[in-house]
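**Student:** give the three-dimensional model of this entry:
(2 chains)
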Amino acid sequence: MDWGWILDHLDDLAFRTAQHLYLTAIALAIGLAISFALALLAVRRRSLYPPIAGLASIVFTIPSLALFAAFVSITGISVWTAEIPLILYTFVMYVRNIVAGFDSVPPEVREAADGMGYGRLARLWRIELPLAVPLIIAGIRVAAVSTIGLVTITGILGDRFGGLGFFIFEGIARGYFATEMLLGAVPSIVLALLVDRALVLLQRRLTPWAHPARPGSAPEPAAA
Amino acid sequence: MSGPAATVEFQDVTKRYDPGTQGPGAVNDLSFAVPAGRICVLVGPSGCGKTTSLKMVNRLIEPTAGRILLDGVDVTSRELTELRRGIGYVIQQVGLFPHQTIGQNVAVVPRLLGWDAGRRRERADELLGLVGLEPARYRDRFPSQLSGGERQRVGVARALAADPPLMLMDEPFGAVDPIVRERLQNEFLRLQEHLAKTILFVTHDIDEAIKMGDLVAVMQAGGRLAQFGPPDDLLAHPASDFVARFVGSDRGLKRLSLSRIRDVQLQAVPTARPGDPAAPVRQAVQADPFPYLLLVDEANHPLGWLDEADLPADGPLDAEEAIAMSPLLNPETTLKDALAMMVEADVQAGVVVDGTGSLLGIVTFESIGQAQRAPAA
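**Tutor:** Next up is the predicted model:
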């Protein structure tokens, strides 16, 4: 390990970490928006679910390197060359979890909401969506970890890409310069773990009802 | 806090799930009317269309033919969400919103109606108190932290939140154990005495129907109305073999829980006070078909019986001679409870006293039997 080299490149590390997060965030956000629409469609019209889920699975089986390479011929070397495949890969994780989230809403909760006079949209936003949040966030966690890994590979497309993966490819190009390769590998692992942890905390924050206070910390349960 | 109550009328209501067929639907030509402020129970075996009928009132299910009038207005002519916000709805599985606190759950309809936060909170607290849940202790909890019985109470409070003139209750006490169910039933009946809402109540349990209903609609397979009337009518005069079987071979016993001591002609009984001379009393007892003397104190409170044979030939009556007391009944005791106490105490008569404990008269097995044979009012 060449610690001196690392100290000299802390600026680069910060830049590449930010780039990594930025490339990940775009894919996760756009992927979530599209997947949400697809999932709503599948929930409303159940017959659409198998084709949507099937297509998303097929896309997921395409090797990532091959897909990035294929998009070079379509989008040239632009940010979309990396982002479109990254977005496509999120669908399979998102759509399944969002649909499972809406399916997890108990039927009696829907019936009660209808019976009390919720309109269709109000029921979706105020009842079903909040109840789907735990499974939606579970989907975001899987998609985030997977995307952080894939962003590393986009480094193959050149130095505008790759985030921390840039160090790995440059290290290899320098004749397997281990220090630089580790500077890419170790922080990207740490990044994945931290993002995952942050999402767990976010979920706790958003769904206090799903984590009922432990006995003792809550008011005394009443004798029924 | 008695609020408005609505009348409900079913007019030839039919529901067919497959409109193409001309066969019988889930509900067929259902007609009955419920006056404002009464509990009408729809009861019948599973598949008789009772829940379907209930859900056609708030249009969770739309009728194929016929009309349902709420205060004379066809429900299908009203805007859907506006109609539903004006009808309380309680279901067996409660369906509380797991992500909202108990206070928020109770205030759901007020929120939909646009009440401000302060008024909603006030109303939620008032209703939690009404159903026996201390607001300070419950309002900030989540449904998962409550027992089944507590959740069901919250479900009732939620349905009452906007003071609706009509409540629909679909097996509301079906998911809790029998002891909790009985308590919830009793509490609800007590509540209803003040609320005087119009209530449509669905159950498959004939005992619950008889207990809760001012009116009972017995439905049979194929969604047909088998009989409609007050519970006592059903038990005394079942309209068909189906109704007779459904109310059960013990319908005579069930009727006993509908009648109270005040419905029975009380009998007079010879009485005397300790220390009274025995001779004149003895003659009165011998003339009475019921050969016992009831000792009472100065305030006319019963003390105990003296057997004719134990009456001294002469001299004063002695309270020490009195034998075991009969069970004390009051005019509100059901005949079922009265009979149970008389059998338990192994006596031939029950002594009826008023609220202050003063003697009103006695009932015997014979007089209770006569009351049951009399035509239902």
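
**Student:** which other residues reach stretch A:6-15?
**Tutor:** Under the contact criterion C-beta atoms under 8 Å, 6 or more residues apart in numbering or on different chains, stretch A:6-15 has outside partners A:Leu164, A:Phe167, A:Thr179, A:Glu180, A:Leu183, A:Pro187. In short, each C-beta sits where N, CA and C put it, glycine included.

**Student:** can we see that at 7 Å?
**Tutor:** Stretch A:6-15 has contacts (C-beta atoms under 7 Å, 6 or more residues apart in numbering or on different chains) with A:Thr179, A:Leu183, A:Pro187.

**Student:** and if you look at stretch A:169-183?
**Tutor:** Contacts of stretch A:169-183 from elsewhere in the structure, counted by C-beta under 7 Å, 6+ apart, are A:Met1, A:Asp2, A:Trp5, A:Ile6, A:His9, A:Leu13, A:Gly155, A:Ile156, A:Gly162, A:Phe167, A:Ile168, A:Gly184.

**Student:** let's see that with 10 Å instead.
**Tutor:** Applying C-beta atoms under 10 Å, 6 or more residues apart in numbering or on different chains, the contact partners of stretch A:169-183 are A:1-6, A:9-10, A:12-13, A:16, A:152-159, A:161-162, A:164, A:166-168, A:184-185.

**Student:** list the ones among the contacts of stretch A:6-15 that fall in strands.
**Tutor:** Using DSSP state E, no member of the contacts of stretch A:6-15 falls in strands.

**Student:** and those, which is closest to A:Ser104?
**Tutor:** Distance to A:Ser104 across those (C-beta to C-beta) is lowest for A:Pro187, with 35.5 Å.

**Student:** my guess is the closest one meets A:Gln19, correct?
**Tutor:** No: assessed by C-beta atoms under 10 Å, A:Pro187 is found out of contact with A:Gln19, at 11.8 Å.

**Student:** and for these two, which residues touch both?
**Tutor:** Common neighbours of A:Pro187 and A:Gln19 (C-beta under 10 Å, 6+ apart) are A:Gly163, A:Leu164.

**Student:** so, low pLDDT: which residues of the chain?
**Tutor:** This is for chain A. For chain A, applying pLDDT under 70 flags the ranges A:212-224.

**Student:** looking at chain B here, not the other one
**Tutor:** In chain B, residues with pLDDT under 70: B:1-3, B:19-23, B:324, B:374-377.

**Student:** now it against chain A: closest residue?
**Tutor:** Across chain B, no residue is closer to chain A than B:Gly95, which sits at 3.0 Å (C-beta to the nearest C-beta).

**Student:** that's a strand at that residue, yeah?
**Tutor:** No: per DSSP: H, G, I helix; E, B strand; the rest coil, B:Gly95 lies outside any strand segment and is coil.

**Student:** wait, what's in contact with it?
**Tutor:** A:106-116, B:89, B:105, B:143, B:151, B:155, B:158.

**Student:** backbone phi and psi for it, please?
**Tutor:** Per-residue torsions, B:Gly95: phi 70, psi 40 (degrees, to the nearest 10).

**Student:** element containing the residue nearest to it when sequence neighbours are not counted?
**Tutor:** Distance criterion C-beta to C-beta, 6 or more residues apart in numbering or on different chains; nearest residue to B:Gly95, sequence neighbours excluded, is A:Ala112 at 3.0 Å. Per DSSP states H and E: A:Ala112 is located in helix A:107-115.

**Student:** so how far is that helix off the chain centroid?
**Tutor:** How far helix A:107-115 lies from its chain's middle: 31 Å, per C-alpha atoms, centre = their mean, to the nearest Å.

**Student:** are the helix or strand following that helix and chain B in contact anywhere?
**Tutor:** Reading on from helix A:107-115 to the C-terminus, the next helix or strand found by DSSP H and E is helix A:120-123. Yes: Helix A:120-123 lies within reach of chain B by C-beta under 10 Å from any C-beta of the partner chain, at A:Arg120, A:Ala122.

**Student:** what's next to helix A:120-123, contact-wise?
**Tutor:** In contact with helix A:120-123 (C-beta under 10 Å, 6+ apart) are residues A:Arg44, A:Val105, A:Val109, A:Arg110, A:Ala113, A:Asp114, A:Met116, A:Gly117, A:Leu129, B:Thr81, B:Leu112.

**Student:** which SSE is immediately downstream of it?
**Tutor:** helix A:129-153.

**Student:** outside of stretch B:271-284, which residues touch it?
**Tutor:** Here stretch B:271-284 has contacts from B:269-270, B:285, B:293-298, B:300, B:302-304, B:306, B:308, B:311-322, B:359, using C-beta under 10 Å, 6+ apart.

**Student:** so how far is the first residue of that stretch from its last?
**Tutor:** Counting by C-alpha to C-alpha, to the nearest Å, you get 9 Å between the two ends of stretch B:271-284.

**Student:** pull out the buried residues from it.
**Tutor:** B:Thr271, B:Ala272, B:Pro274, B:Ala278, B:Val281, B:Arg282 (16 or more other C-beta atoms under 10 Å in any protein chain shown).

**Student:** of all pairs in those residues, which one is the farthest apart?
**Tutor:** Pairwise over the buried residues of stretch B:271-284, using C-beta to C-beta, the maximum falls at B:Pro274 and B:Arg282, 15.3 Å.

**Student:** what segments of chain A are strands?
**Tutor:** Counting by DSSP E, chain A has no strands at all.

**Student:** and the closest residue to B:Gly355 other than its chain neighbours, how many neighbours?
**Tutor:** The shortest distance from B:Gly355 to any non-neighbouring residue, by C-beta to C-beta, 6+ apart, is to B:Asn330 (7.1 Å). When counting by other C-beta atoms under 10 Å in any protein chain shown, one arrives at 15 neighbours for B:Asn330.
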